[in-house]
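S.K.: sequence-free structure coming up:
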């Protein structure tokens, strides 16, 4: 399965102390999905780790964690260039909070992937099992 990971799933996979790291690791081991990232998810990963309380990670450390994750021999990683503008948002996007999710769902779909998420409220996304 080709999966574009949303920011939360990517953080949970890349940061071993995240509350859902075990869930992500178990799913990765069972399913062996192909991991895709894009500019939005990579920037979100770095921002969350460097800014959110509780992570204690600098910008440089967050970048290093992401680079290691992308180069891991146990993962098949590919990068999706983002060529979608606002006209690609699905009709279900009605709030500002839904905008990034809708964008990522469409970006994944147009590149032969599915958005893999921990959030069960994203229409068209694959919910990573518990």
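M.R.: Perfect, I can see it now. Here the structure is a predicted model, which is why all the values come from computation and not from measurement.

S.K.: ok, residues contacting the one helix or strand residue 108 maps to?
M.R.: Residue 108 is part of helix 98-110 when elements are defined by DSSP states H and E. Outside helix 98-110, the residues within contact range by C-beta atoms under 8 Å, 6 or more residues apart in numbering are 3-4, 6, 36, 38, 40-41, 80, 82, 84, 88-90, 92-93, 114-115, 117, 119, 122-125. The C-beta positions use only the backbone N, C-alpha and C, and glycine is treated the same way.

S.K.: Only whichever of those residues are buried, select them in ChimeraX.
M.R.: Burial among these is assessed by 16 or more other C-beta atoms under 10 Å; the matching ChimeraX selection reads:
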select :3,4,6,36,38,40,41,80,84,89,93,114,115,117,122,124,125
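
S.K.: Okay, and which of the contacts of helix 98-110 map to helices?
M.R.: In helices, defined here by DSSP state H, the members of the contacts of helix 98-110 are 40-41.

S.K.: Having no further points to raise, I will conclude here.
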